[in-house]
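Colleague: Turn this into a model:
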Amino acid sequence: MKLMRGQAGIEYMALFALVAIVLLAASYYFYSSFQAQSRVFQARIAVDKIASAADAVASQGQGSTKQVTVYFPSGLINATTRGREVFLVVAGLDGRTTDVYSVTLANLSFYQFPLGESRYVFNVTFNSSGNVSISG
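Modeller: Below you'll find the predicted structure:
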């Protein structure tokens, strides 16, 4: 029986390559999932901060103003106020979208938020018409 030199080394290298490919694929999947969850979490924090500020100025009465700083994540495809909702739509890495919103106690004037990934400062004001307006 003739034994081939180096065959065991080649088999170990092939096994190592296969394990490395599986680990890289799994790592990419988990990283992508984490990124998508992070975007939604950041959007949730933003809508909650804006809605909380709107409720605070509405409870203080006409003319009250509050400044709020929020971070909008990447992947925003829509960001508005509508009725009593602060509403963001976040795109995932796979193309699916997630609606993230928070409901306020006060009526909100329509406002289209900027869509770029950045930190923004907004002025939230309870105006004389009984609505909360947002500017920034």
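Colleague: burial of Y71, as a residue count?
Modeller: Residues near Y71, counting by other C-beta atoms under 10 Å, number 13. Placement of C-beta: from N, CA and C, glycine included.
Colleague: Quick one: residues contacting it.
Modeller: Applying C-beta atoms under 8 Å, 6 or more residues apart in numbering, we find Y71 in contact with 42, 45-46, 118-120.
Colleague: Could you tell me which of those residues belong to helices?
Modeller: Among the contacts of Y71, the members falling in helices are 42, 45-46 (criterion: DSSP state H).
Colleague: Now, of the contacts of Y71, which are buried?
Modeller: Neighbour counting with 16 or more other C-beta atoms under 10 Å marks 42, 46, 120 as buried within the contacts of Y71.
Colleague: can you redo the residues you listed as TSV with distance to Q62?
Modeller: Formatted as TSV, the buried ones among the contacts of Y71 follow (distance: C-beta to C-beta, whole Å):
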residue	distance to Q62
Q42	32
A46	26
Y120	25
